[in-house]
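Novice: coords below, sequence missing:
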């Protein structure tokens, strides 16, 4: 490992290149085996031709959501003191404006129209206490973290109406928590049930959607509706809380589409216009960690909205998860040369456990049973680019499917009514800017990412300048 700021010697590889042992090793080694013709034929068969999209059902307003985080060091002495910054951005792209970017017979892009497109963005900034930092005189880092998370979810910046706390992101959390299929679900979007008090472990505490502080009936300590996310369980006083910070960021990313949709439905937004909206979320349609329970309410909520749209003869919602990295993306890169262009494959559990995650024992309840609310597809565009695409499952729950055959039916492409339109959107937005990237997500990441230098250094200076030691 190099020292800090030490640069590698540009000629240090020469002795490796000239080493006879290296040459001998390479000559003596070979692939375990190359793909057989039978396996190549199988790959070509499991990838289906992409169905033709119905352009009359194509989304015309695209929202891309991405988050970034940075843990700023205030004091490097033991125990180190840190503060966590989280930024989640939403970028809106109108397909009409996007289609008008090119001028001069499509050979050039109008820079003024591009600049206008870039202005259609919004960001939420969240600041959370990190290692060795107490907020507002709370006894522990964990208690301060809990209070701050609740404060951040209900603050005016997350509200559509600044004067109405029930338009906040926290109220969307109330809605989703009320839809939990287990005993923790209340059925009432104004009531949330905590599995226990974080201070005394008193079970089954119900809280209401009010801005006032609420208290445990047993120990009289503060309890917060956002405790239902259970992210606080991963917070430590003197260790890095980057895991908890990431859990919070990802929970917000996955709640935001539901947050926007809830607001539009509450305002009686025309359903045909709601159906014209598509969301891009960075990563799989899955929630991990202690707040993985969000996946089931999200699945149920989107299915209920789609049912409402279908009853009005409107297209389904289009919610797309895009995985840039990970096992699926790596595997797709390996087999890409054997896959025909303009084809798609819904990844089933048998194939995933046999070829992609062969080192893992198959789950008895199915892959991603507790975490995924969307199906993974491998999509190769007509231009040969590769995308790992997630689309919301077309069922209200994994137990409510025809004949109870969720694992068989979840890969039936005919049940994903938005699939042709979703793949067409990706084809329209594919870009050479990054490998296998689409423009909306690339823009969202651009306005969200907190660079280590200079962005991180500026946050370090800001944090140190405002931190007052007791």
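Specialist: Nice, I can see it. Note that this is a predicted model, so its numbers are computed, not measured.

Novice: Sketch out the low-pLDDT regions of this protein for me.
Specialist: Applying pLDDT under 70 to the chain flags the ranges 1-15, 17, 29-35, 73-81, 97-121, 132, 238, 431-470.

Novice: What are the structural domain limits within it?
Specialist: Domain ranges of the chain: 45-123+255-470, 133-237, per automatic domain parsing.

Novice: Quote the end-to-end distance of the last one.
Specialist: Between the opening and closing residues of domain 133-237 we find a distance of 8 Å, counting by C-alpha to C-alpha, to the nearest Å.

Novice: same question, stretch 37-55
Specialist: End to end - C-alpha to C-alpha - stretch 37-55 spans 38 Å.

Novice: Please apply the same query to stretch 307-316.
Specialist: Criterion C-alpha to C-alpha; first-to-last residue distance in stretch 307-316 is 8 Å.

Novice: Show residues contacting it.
Specialist: The contact list for stretch 307-316, computed with C-beta atoms under 8 Å, 6 or more residues apart in numbering, reads 57, 271, 272, 274, 275, 306, 317, 394, 417, 418, 421. Using the backbone N, CA and C atoms, a C-beta is placed for each residue, glycine as well.

Novice: Could you give me the PyMOL syntax to select whichever of those residues are buried?
Specialist: The following PyMOL line selects those of the contacts of stretch 307-316 that are buried, judged by 16 or more other C-beta atoms under 10 Å:
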select buried, resi 57+271+274+275+306+317+394+417+418+421
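
Novice: For residue 292, state which of the contacts of stretch 307-316 is nearest.
Specialist: Within the contacts of stretch 307-316, the smallest distance to residue 292 is 20.8 Å, found for residue 394 (C-beta to C-beta).

Novice: Distance check, the closest residue to the closest one other than its chain neighbours against residue 396.
Specialist: Among residues not flanking residue 394 along the chain, residue 415 sits closest, at 4.5 Å (C-beta to C-beta, 6 or more residues apart in numbering). As for residue 415, its distance to residue 396 is 13 Å (criterion: C-beta to C-beta, to the nearest Å).

Novice: more neighbours, these two?
Specialist: residue 396 (19 against 16; other C-beta atoms under 10 Å).

Novice: I figured the more buried one was touching residue 303, is that so?
Specialist: Yes: the pair residue 396 / residue 303 is scored as a contact, 4.0 Å apart, by C-beta atoms under 8 Å.

Novice: and residue 344, how many residues sit next to it?
Specialist: Neighbour tally, residue 344, other C-beta under 10 Å: 23.

Novice: now swap in residue 348 and tell me
Specialist: Neighbours of residue 348 (other C-beta under 10 Å): 18.

Novice: isn't there a strand covering residue 261?
Specialist: No: counting by DSSP: H, G, I helix; E, B strand; the rest coil, residue 261 is not found in a strand; it is helix.

Novice: Surely it and residue 317 touch.
Specialist: Yes: the pair residue 261 / residue 317 is scored as a contact, 7.3 Å apart, by C-beta under 8 Å.

Novice: what's the overlap in contacts for the two?
Specialist: Common contacts of residue 261 and residue 317, defined by C-beta under 8 Å, 6+ apart, comprise 274, 305.

Novice: Let me see the ranges of the strands in the stretch 101-250 of the chain.
Specialist: Assigned strands in the stretch 101-250 of the chain, in chain order: 102-103, 108-109, 121-129, 191-196, 203-208, 214-215, 222-223 (criterion: DSSP state E, counting those that start in this stretch).

Novice: Export those strands to TSV and append columns for mean neighbour count and distance to residue 350.
Specialist: TSV is the format used below for the strands of the stretch 101-250 of the chain (neighbours: other C-beta atoms under 10 Å; distance: least, C-beta to C-beta, whole Å):
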stretch	mean neighbour count	distance to residue 350
strand 102-103	12	44
strand 108-109	11	45
strand 121-129	18	40
strand 191-196	19	34
strand 203-208	14	39
strand 214-215	15	47
strand 222-223	22	44
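
Novice: wait, which of those strands is closest to residue 331?
Specialist: Closest to residue 331 of these, according to C-beta to C-beta: strand 121-129, at 33.1 Å.

Novice: if we look at that closest one, which residues are touching it?
Specialist: Strand 121-129 is contacted from outside by 83-92, 135, 141, 144-145, 148-149, 152, 157-158, 241, 244-245, 248-249, 252, 443-444, 447-448, using C-beta under 8 Å, 6+ apart.

Novice: closest to residue 165 among the contacts of stretch 307-316?
Specialist: residue 274 (23.8 Å).

Novice: quick one: which helix or strand includes the residue lying closest to the closest one once chain neighbours are set aside?
Specialist: Closest residue in space to residue 274, ignoring its immediate chain neighbours: residue 264 at 5.5 Å, by C-beta to C-beta, 6+ apart. In this assignment (DSSP states H and E), residue 264 forms part of helix 242-266.
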